[in-house]
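Peer 1: Please find the sequence and the predicted model below.
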Amino acid sequence: MSSSLPSLIVLLPFFGAGVMGFVYLFVPAGRNLRRFYVAVGIGTPLLAALLGLIVVGEMLTLPASASIASPLYSWIAIGSFEIDVAFVVDRLSAVMLLVVTLVGSLIHIYAVGYMWDDQGFGKFFAYFNFFLGAMLLLVLANNPILLFIGWELVGLASYLLIGFYHHDTANITAANKAFLLNRVGDFGFVSGLGLLFALQKQSGFDFAAIFAGLGGIDTAMLSLIGLLLFVGAMGKSAQIPLYVWLPDAMAGPTPVSALIHAATMVTAGVYMVARFAPLYNRIPDVGLFIAGIGAASALLAALFASWQNDIKKILAYSTMSQLGYMLIAVGLGEYSNGIFHLAAHAFFKALLFMGAGAVIIALHHEQDIFKMGGLGSRLPAVRRTMLVATLAITGIPIFAGFFSKDAILSYAFASGHTTIWAIGVVVAFLTAYYMFRLYFVVFVAPNHRSSRSRQSPSLTSLPRSMVWPLFVLAAGSIFLGFWNLPEAYGGSTWFSHELHLADHEAHLRFAKEYILDGFNVLVALLGIAIAYRKFVRPSHPLNAPIHRIAWQRALANTLYIDTLYDRLIVRPLRGISNWQDRLIDPKIIDGSLRGLVTLYRGVATQSARLQNGNLRWYALTFLLGVSGISLYLLIAIGGAS
Amino acid sequence: MIEILETSLFALLALGVLTGGLMILLARRPATHAMGFFIALLSVAGLFALLHQSFLFFAQVLVSVGGVVIVTLIMILTVNLREADLPPEPHQTRWLIGAAVIIAPLSLLLYQTLTTLGDAFPPVSDTFGGTRSLGTLLFHDGVLPFEILSVLLLTAMVGAIIIGKKEQSYDRES
Amino acid sequence: MTTAQILVTLGSIVLAALLALLMIPVLVWLERRVCGLIQDRPGPNRTNVFGFRLGGVVQSFADVVKLVTKEEYIPDHIRYGRWIFLLAPMITFASALLAFMVIPFADTVQVDGAALRIQGLPVSYGILWYLAIGSVGILGMVFGGWLSHNKYSLLGALRAAAQMISYELALGLGIISMILTYDTIDFNAMVQWQSGTFWGFIPAWGLFIQPFAAVIIIIALFVETNRAPFSVAEGESEIVAGFFTEYTAMKFAMYFMGEYVAMNTASAVIVTMFLGGYQLPWFSTAALLEHFRTVAGVLLLLVPVVMTLFILWMRRNNRVRLTLSTDGGRGRETRILTGVLIGTTLLIEAILLWLLLEPAGSIGASVAVPLLQIVIFVVKLMLVNLFIILIRWTLPRFRYDQVQVLGWRYLLPAALANLFVTSIIVAGVGS
Amino acid sequence: MTVNPDAYFAVATLLFSLGILGVISRRNLLVMYLSIELMLNAVNLILATFSRLHPDEGGTMIALFMIGVIAAEAALFLAVIVQIYRKKHTLDSDAFTELAQGKKL
């Protein structure tokens, strides 16, 4: 069936962005338009969310395999080959639609409070709406081309938002870094799409047609396509080796981080892999590779997170780590679990970021956790919601993270990938450790340093718009898990069923599952205990840790990966570029062009001499031809006689 | 006797045509050109007469000799040509020889083609080429071209007047 | 061709040449004498050959001798184009002379079964010939004026050319209206057309049929021949002698003679086209041939009378008015001339008597009638020449711009209108 | 008629060639114009000869038209010569190359 609602959902944020951008640009500064911006900036996502709910509600009445198409117009029509600008809502995109619009709306509301005093309020909301619209375009696209457009627009929006505080060069650098690394991934993605397009035999390039035509493509080529597409996912979802932009992306305002990390950009890679599930189902080796990358990223990010001091960077690495989980899931073919973790993660990670943002705002943009401390009593609302989120991400039962993460780990174990399972468990342990390290240091532990160095810092009171979204998200973090309650706990995995993805089936006996889950919880509790031991009951006064051991220092500095990249890639590239700039560009390319130009100019100058405006010359040349013909006739025909 | 007269007349007129042409081609001064032009046109008119084209003869003498040559002369006198205004032609001989070599095949072909068209003149009636017969022909077969020609002449006249009009802005740039 | 035919043909050529050339001194003399009469002075009358003055005609011949024997002087500044400079007068003179050659002096003569024209050039397209060749003469003037390398000459040449071009149109249009009227381009046919009468007493001359065209054509011919009052190509007050300022001796004489020949030719054209040509009024050639005896009888009576009157006039006038010591031999000249005239009269009378006694239809009539017509033609020609000369000495000259204005703004439209009306009438009458 | 048509054609061809030569080899605009006239007259002569050769006055008629065209052409050409002579005070055709490439006006 078709409906115009999906198109409307996509266009609404764009419309809002356009209106706000126009107003921001052309209404003279000094007018206080914040209320207008609030109305448009929040209204459009909320409306989109409402429409999304309506669409999903309609969706649920349909059979699981049905989808709601929303063609907008025919974009490219060459013969039988057509690409429409059309949107489609099926079960997968419906989930994404809800997550994006609901979490996005909450972040928007939160951002009103966060950005209230900022000069670029209107601009920020224009970008924000644009970001949301791009993500919706990505999610609802019915063909890879449109998806790619959304993909790119998301990149653009993230660039704009990360570099929002563009007066600081570091922010610009971070934005550039994010943008460029995403380009590397996009290159892979485009290559994959191109290859797919080249090998695709059917006319039409929407998902249904592509999946229908997969059978005709060689498996090796399919693997290549899958790998190339995954390169794009690596970039977007910040996986090894293209993750280095993620921590730097914290340069933007905190709502931006929340939006990027929770609901939108980074999940695009996971969504894409899930979207191409029929493709990846045919190439399990690539899936395994994806899972491996995911596991490695998860472990690495967890290790980095454990040694970070910046609150937002900890959360950033935690995002990367959780994305690793999701990729394990989709890589091993358990798409619905991946998407479920994605949805759950969207809630608690958004909550975490917003809580962190609240703390940062309250502390006048202080981000070092060791300069905070003991805020629990002074920011009770933030503390409680943060605790919920921390428990959720740690995987304590009844919270959403427990069900979603355990589903992934159980499946990994059940499908026999025990190495991955083991890494997952280690990551779970580390997650518990670093999350509670954060929680304890910020909220529980007494603030030795700050009480020593300066007076108790006065806290900025938080606006209400920054607080109550936290509660909504906290509620989501608690209850979302029951949506997909495994059968082992008396549930029916309703979400996975309704999602109707091409999952691999692997079942554990319930007893085994209980044991595994219990083990997981134990591991998490162990991590909490260590964190408690270290930061709440410390053996020595709590200070910012000074890492004397080499490996600790290395981890704190994220293994010098950035430096490594700089040495290995950036500098050689710069060298080659400089070399090109000095030698190849001016000498060979410009030189050849200039030579060509000189040649043409010479030829033209010489031939211009023929056109000397002199009547006699013209007559002479003309007669030369006539005379030549005459001569030919005389010789060939012997004249007329 | 008539034959001798005609042949000698033809020779004289042909000589006149060629002399006139050569005078135009070789001379440097406009006076010689004009004289050559006059001689050539008059000789062509004479050849017309020899060809029994009496009306053509009169038209040639009236229009070409009496009109075109005089207008040419008036033009030359009006602009008051001076010796210094004549272009220097340093390599004229070289040019002439080169051009002659170039057009030699063309002329040869032209001549060869023309000579295939007939060997001898048939006898014609006395009225051939006369005013009356030509006028009849003109008003039967050539009315449209005749009228078009009149329009052409009118256009040429208007055009010549407009082009030749002295414009103050064009006058003597120095 | 029979010998007689050749003789007649050659005779007419010689006659035409003589009429053209011999008329020059006569016209010069006439002009001077008329000028003298109008200016109340005798004019040239002293020059004589063995005492023969012939009323001053000898002066013209003396001038010719003077011009022929004069030194040919070419100014130094004429550096190039000398041969054209020398050729130019010849062009003018030759074209004027050639133009005269198509004038018929008498009706066609039947000689040995062939109708022979009494024309210098026995052609049937006389008017076109006149127009065509007449327009060539101007080239000589332009070349001469140009190659004199003299501003006056150049201006004169330009004026001559411009004037000719402007009046050629009116002339051509007028002539076309006459061609339409006569339905021919043959001078002879035109003259024959004019042999009838209107209402029994007005001769059917072109002058009476197309008076308007006659005025136009006569004016245009005045201009064509560069005669006063349109003599702007030469003007002592403005441009010295115009295009022939630098000419001397015989070359000057060529222009000079060319002008008089052209004038003579113009008169002949006027006579032929408007005054019935060689026709005796009321008597066509056929009538003359038919009533030849009567005509001869009348002439037999008339010639002595005219001759007597002429001799009396000569005897009264050919004398020195102021009483001088000697009469310069005029008495002797008068006596001899009287004798010659009486002898001539007697000869004519004898011939006429002989013709009267001959049987009708013999060769005599067919010889005598053309001779009579030639005489008539010459008389008419002289009268028209006299008219032209009189005009010259009575009217003041036009200014150059006035000439152009007259030509373009009055004569050309008038000629066009005339042609238009003529065409309608001819078409109406013809259908 | 004792004279061959070939003789007329030879004269016409020679006249035509002279005209072409004049256009090509002379720099004098006046000479070029006169040469063009010569070529037209050569064509006229050929037409008249044709007309006489196949006794048909059509050729004469065309020649007659051509005389008219020649007159029109002369009027225009001469007006143009006068005008450009007024501009540059020379009759050198090489001086009138404003339309050539790379030449400053």
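Peer 2: That came through, no problem. Please read these numbers as outputs of a predicted model, since none were measured by experiment.
Peer 1: just checking, residue A:353 touches residue A:315?
Peer 2: Yes - taking CB atoms under 8 Å as the definition, residue A:353 is a contact partner of residue A:315 at 5.8 Å. (Each C-beta comes from the backbone N, C-alpha and C, glycine too.)
Peer 1: Quickly list what's touching both of these two.
Peer 2: A:257, A:261 (CB atoms under 8 Å, 6 or more residues apart in numbering or on different chains).
Peer 1: mind checking pLDDT for residue 79?
Peer 2: No chain in the question, so chain A it is. On the pLDDT scale, residue A:79 is placed at 71.
Peer 1: Oops, wrong one, chain C.
Peer 2: 74.
Peer 1: And for residue C:315?
Peer 2: On pLDDT, residue C:315 comes in at 76.
Peer 1: so which strand or helix has the spatially closest residue to it that is not a sequence neighbour?
Peer 2: Of all residues not flanking residue C:315 in the chain, residue C:334 sits nearest, at 5.6 Å (CB to CB, 6 or more residues apart in numbering or on different chains). Element membership of residue C:334, judged by DSSP states H and E, is helix C:330-357.
Peer 1: packing partners for that helix?
Peer 2: helix C:292-317, helix C:363-394 (3 or more CB pairs under 8 Å, 6 or more residues apart in numbering or on different chains; DSSP states H and E).
Peer 1: starting at the chain centroid, how far to that helix?
Peer 2: 27 Å (CA atoms, centre = their mean, to the nearest Å).
Peer 1: now the angle between helix C:292-317 and that helix, please.
Peer 2: Counting by axes from the mean of the first three to the mean of the last three CA atoms, to 10 degrees, helix C:330-357 lies at 170 degrees to helix C:292-317.
Peer 1: Next, the angle helix C:363-394 makes with helix C:330-357.
Peer 2: For helix C:330-357 against helix C:363-394, the angle by the same axes, to 10 degrees is 140 degrees.
Peer 1: Buried residues of helix C:330-357, list them for me.
Peer 2: For helix C:330-357, a neighbour-count test (16 or more other CB atoms under 10 Å in any protein chain shown) marks C:330, C:333-334, C:337-338, C:345, C:349, C:351-352, C:355 as buried.
Peer 1: what's the burial count for the nearest residue to residue C:158 once chain neighbours are set aside?
Peer 2: Distances taken as CB to CB, 6+ apart put residue B:77 closest to residue C:158, at 5.2 Å, once the chain neighbours are dropped. Here the number of neighbours of residue B:77 (other CB atoms under 10 Å in any protein chain shown) works out to 20.
Peer 1: isn't residue B:77 right next to residue C:154, touching?
Peer 2: Yes - counting by CB under 8 Å, residue B:77 does reach residue C:154; the two are 6.1 Å apart.
Peer 1: Residues in contact with both of those two, list them for me.
Peer 2: Joint contacts of residue B:77 and residue C:154 (CB under 8 Å, 6+ apart) are residue C:146.
Peer 1: show me the residues around residue 45 that make contact.
Peer 2: Unless you meant another one, I'm taking chain A. Contacts of residue A:45 were listed using CB under 8 Å, 6+ apart, and they are A:12-13, A:16, A:101, A:104-105, A:108, A:129, A:132.
Peer 1: try chain C instead
Peer 2: Residues near residue C:45 by CB under 8 Å, 6+ apart: C:33, C:53, C:55-56, C:59.
Peer 1: Quick check: it is in a strand.
Peer 2: No - assigned with DSSP: H, G, I helix; E, B strand; the rest coil, residue C:45 falls outside any strand and is coil.
Peer 1: How much space separates it from residue C:317?
Peer 2: Between residue C:45 and residue C:317 the distance is 10 Å, computed by CB to CB, to the nearest Å.
Peer 1: again with residue C:24
Peer 2: Separation of residue C:24 from residue C:317 (CB to CB) stands at 24 Å.
Peer 1: remind me, longest strand of chain A?
Peer 2: Counting residues, the longest strand found in chain A (DSSP state E) is strand A:68-78.
Peer 1: need the residues of chain B near chain A, please.
Peer 2: Contact residues, chain B versus chain A (CB under 8 Å from any CB of the partner chain): B:99, B:102-106, B:108-110, B:112-113, B:115-116.
Peer 1: Tell me which two in those residues are the farthest apart.
Peer 2: The largest separation in the residues of chain B next to chain A, counting by CB to CB, is between B:99 and B:116 at 26.5 Å.
Peer 1: Comparing the two, which shows the higher neighbour count?
Peer 2: More crowded of residue B:99 and residue B:116, by other CB under 10 Å: residue B:99, with 24 against 11.
Peer 1: Pick the most deeply packed of the helices and strands packed on helix C:330-357.
Peer 2: Stretch with highest mean neighbour count among those: helix C:363-394 (a mean of 18; mean count of other CB atoms under 10 Å in any protein chain shown).
Peer 1: what residue ranges in chain D are flagged as low confidence?
Peer 2: Where chain D drops to pLDDT under 70, the residues are D:1-2, D:97-105.
Peer 1: Now residue A:502: closest residue in space that isn't a chain neighbour?
Peer 2: Leaving aside its chain neighbours, residue A:502 sits nearest to residue A:277 (4.8 Å; criterion: CB to CB, 6+ apart).
Peer 1: pretty sure that neighbour contacts residue A:499?
Peer 2: No - under the criterion of CB under 8 Å, residue A:277 is not in contact with residue A:499, lying 10.5 Å apart.
Peer 1: Overlap in contacts, these two.
Peer 2: Common neighbours of residue A:277 and residue A:499 (criterion: CB under 8 Å, 6+ apart): residue A:335.
Peer 1: Those two: who's more crowded?
Peer 2: Taking other CB under 10 Å, residue A:277 and residue A:499 do not tie; residue A:499 has more neighbours (23 against 20).
Peer 1: so what's the more buried one closest to, chain neighbours aside?
Peer 2: Excluding the flanking residues, the one nearest residue A:499 by CB to CB, 6+ apart is residue A:336, at 4.4 Å.
Peer 1: The one you found and chain C: what is the separation?
Peer 2: Between residue A:336 and chain C the distance is 107 Å, computed by CB to the nearest CB, to the nearest Å.
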